[in-house]
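Peer 1: The following comprises the amino acid sequence and a computationally predicted model.
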Amino acid sequence: MEMNDSIQIAADLCTGCGSCIYVCPFKNIDMVDGKAALTGEHCISCGHCAAVCTEAAIQVPAIDDGMGDYKTFNADKNWLPYGQYDTAGLVRLMGSRRSCRNFLDRSVDRSMLEDLVKIGITAPSGTNSQLWTFTIVPTRKAVVAFAGHIASYFRKLNSMAEKASLRTVLKLVGKGELDEYYRSYYPLVKQAIDEWDDSGKDRLFHGAASAIIVSMKPGASCPAEDALLATQNILLASHSIGLGSCLIGFAVSAIKQAPEIKLSTGIPSDETVYAVIALGYPNESYRTVAGRKKAEIRDFAG
């Protein structure tokens with residue numbers, strides 16, 4: 001067996017068909033004495049070679065087979081050929097998933113949350129870096145604690161924004177963000193915090209039972225894109241398994257400005273948070289799929 005940190009090729013199983021050579025994105029495999037052999041040094045462990053091999057002659061040590069095993073359903077691991085899926089059904093799923101802001105008081109089994117993470121990482125990533133991380137906030141109690149840290153940040157921000165002289169000075173030196181926040185968001189945020197303090201009404205996570213925080217380790221070529229592609233997978237999958245979901249942008253904004261919130265959840269300081277997803281059983285239903293504004297479409301003729 002050809003041994004390498006990237007791939008392992010069993011020469012006794014290889015038929016020399018060359019399929020792995022054809023699909024390798026970095027051309028790391030060549031034919032040697034009629035058998036496929038790893039000859040390059042830039043393998044990204046994408047698994048194309050193993051997926052195309054009809055004899056199961058190639059293994060990719062970096063791939064954890066357990067990440068394709070799910071606890072709440074059985075996955076068909078046979079590759080789905082191009083054009084062999086119900087496009088209308090896919091579009092219906094995409095259009096039916098809506099941001100849920102009304103959740104039932106019902107906990108979500110952790111196995112469902114773990115399966116959502118596994119579904120999330122089926123997304124593509126730049127140069128197959130897969131440097132994403134997922135922090136599960138599994139219970140309503142944990143969500144409330146997380147929300148409390150975020151609320152504390154916005155209390156401080158509101159206190160600053162209420163000072164007209166401070167907003168004016170910052171604008172004069174080219175830092176108008178605080179004034180923009182005061183005009184666009186301050187009233188709504190203040191109302192939400194007051195309701196949280198007075199009655200416990202949750203205007204941030206909307207009563208969600210759980211959440212998933214999507215972050216990226218340093219080193220990815222396009223970290224934001226990678227994180228949000230995985231996030232979209234989770235959003236669609238949550239609907240398919242019976243959960244509602246909602247992206248919590250205020251949480252992401254707070255974490256960016258107050259790193260201590262991130263540290264309080266156990267996320268290392270060198271990771272960047274790109275999405276916070278509220279999850280729970282929905283207490284709402286709709287009649288039709290979601291509509292969209294008219295998209296601007298252009299042609300490039302070259």
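Peer 2: Structure's in. What do you need?
Peer 1: any low-confidence regions in the chain?
Peer 2: 1-5 (pLDDT under 70).
Peer 1: Nearest the middle, which residue of it would you pick?
Peer 2: Residue closest to the average C-alpha location in the chain (C-alpha atoms, centre = their mean): Thr231, at 2.6 Å.
Peer 1: quick one, strands of the stretch 51-200 of the chain?
Peer 2: Here the stretch 51-200 of the chain has its strands, by DSSP state E, counting those that start in this stretch, at 58-59, 132-137.
Peer 1: who touches stretch 252-260?
Peer 2: 149-150, 153-154, 157, 261-262, 269, 273-276 (C-beta atoms under 8 Å, 6 or more residues apart in numbering). Yep, even glycine has a C-beta here, placed from its N, CA and C like the rest.
Peer 1: sorry, back to before: need the strands of the stretch 51-200 of the chain in JSON lines with distance to Glu284, can you?
Peer 2: JSON lines is the format used below for the strands of the stretch 51-200 of the chain (distance: least, C-beta to C-beta, whole Å):
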{"stretch": "strand 58-59", "distance to Glu284": "46"}
{"stretch": "strand 132-137", "distance to Glu284": "21"}
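Peer 1: Counting neighbours, which of the contacts of stretch 252-260 comes out on top?
Peer 2: When neighbours are taken as other C-beta atoms under 10 Å, the top entry among the contacts of stretch 252-260 is Val276 (28 neighbours).
Peer 1: Excluding sequence neighbours, find me the nearest residue to Met112.
Peer 2: Thr72 (5.4 Å; C-beta to C-beta, 6 or more residues apart in numbering).
Peer 1: Tell me where the stretch 101-250 of the chain has helices.
Peer 2: Along the stretch 101-250 of the chain, the stretches classed as helices by DSSP state H, counting those that start in this stretch are 110-120, 140-161, 164-172, 177-184, 186-199, 223-240, 249-257.
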